[in-house]
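In: fold the following.
(one chain, ligands or ions: 1)
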Amino acid sequence: MRIMISADMEGATGVTWTADVEIGTPEWQRLRPVFTGDVNACVAGLHNGGATSVLVNEAHSSQRNILLEDLDTRATMLTGKHKPLSMMQGIDQGIDGVVFLGYHTGAGVDGVLAHTYLPNQITGVWLDGVHASEGRLNAALAHEHGVPVILVTGDDLTCADAHTYAPHARTVAVKDCVSRYAAICKPPTVTAAEITEAATTAMTHAGRTEGTVTPHRIEVEFDAAHLAAATAVIPTVTQLDVRRVGFDADSMTEAMKAFKIVTAIASGATEGSYG
Ligand SMILES: [Zn+2]
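Out: As a prediction, this is how the structure comes out:
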């Protein structure tokens, strides 16, 4: 049983503030071991439940956050950029189950550090007409490869979101959202025990099936008009409204590659404090 952990940082134990997830800050340095602890708790549980190998795919920002020197020796880690499938790189390599660890809610809704890919410039994403978090997008990609989402960790609202796109997944709320930058947090030893227990039982849902490739449509709304105009130059992307673009793709894999380009161009077209 080969399991992949897609590990994001906003939904990790103790993380509530922008500096907590910004590369190079003292707060980020302080929380890297805590984030690594969440990952290790998950690796332990997955092995308890029968996993034979665990690949940790770093999925936050520079994708260089987890401390390799402290990683459970039963896991390997994919770290750094650039990766064609980004947060889900490796999902097409014979994986039997995927964990979304440290995930968060999507742009435009409540949740600790809620966003979708870009911190503020994207105000909403819709997958086939349904408001989509990174979790929902990545679950659709996993589904295309026949890989079940077996466990999701993050704040309580992230867990509620996960129940809508992966109803069979176990969830662990490591904190309860109070606002975008505040949460009631459990200490790392408490969340570690909960993550290990959930990962162990989550393994009962592991098991790859035949994938299903279907066309998908993604629409993206930005906080400024020029970002929509900038991304509408991409082939297949059309501008639907002043701040909204959309595109169709023959598969979720192609849709996510196009979405990655949309976010890269929007990020490049962002102009300082005027956005
Ligand atoms: Zn994220």
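
In: which bits of the stretch 51-200 of the chain sit near the ion?
Out: E134 (C-beta under 5 Å from the ion). The C-beta positions use only the backbone N, C-alpha and C, and glycine is treated the same way.

In: what sits against the closest residue to the ion within the chain?
Out: Nearest residue of the chain to the ion: D8, at 4.1 Å (C-beta to the ion). Residues in contact with D8 (C-beta atoms under 8 Å, 6 or more residues apart in numbering) are A59, H60, M87, F100, L101, G102, Y103, H104, E134.

In: would you list the phi and psi of it?
Out: phi -100, psi 170 (degrees, to the nearest 10).

In: please apply the same query to L118.
Out: Dihedral angles (degrees, to the nearest 10) for L118: phi -90, psi 150.

In: distance of it relative to V39?
Out: Applying C-beta to C-beta, to the nearest Å, the value for L118 to V39 is 24 Å.

In: between the two, who's got more neighbours?
Out: Legend: neighbour count by other C-beta atoms under 10 Å for L118 and V39, higher for V39 (28 against 19).

In: where's that one, which helix or strand?
Out: V39 belongs to helix 26-48 when assigned by DSSP states H and E.

In: packing partners for that helix?
Out: If you count contacts as 3 or more C-beta pairs under 8 Å, 6 or more residues apart in numbering; DSSP states H and E, helix 26-48 packs onto strand 2-7, strand 53-58, strand 97-103, strand 149-155, helix 188-202.

In: okay, the angle between that helix and helix 188-202?
Out: 30 degrees (axes from the mean of the first three to the mean of the last three C-alpha atoms, to 10 degrees).

In: next, the buried residues of helix 26-48.
Out: 27-28, 31-32, 34-47 (16 or more other C-beta atoms under 10 Å).

In: quick check: Y181 touching T18?
Out: Yes: judged on C-beta atoms under 8 Å, Y181 makes contact with T18 at a distance of 7.2 Å.

In: count of residues packed around A169?
Out: Using other C-beta under 10 Å, A169 has 23 other residues around it.
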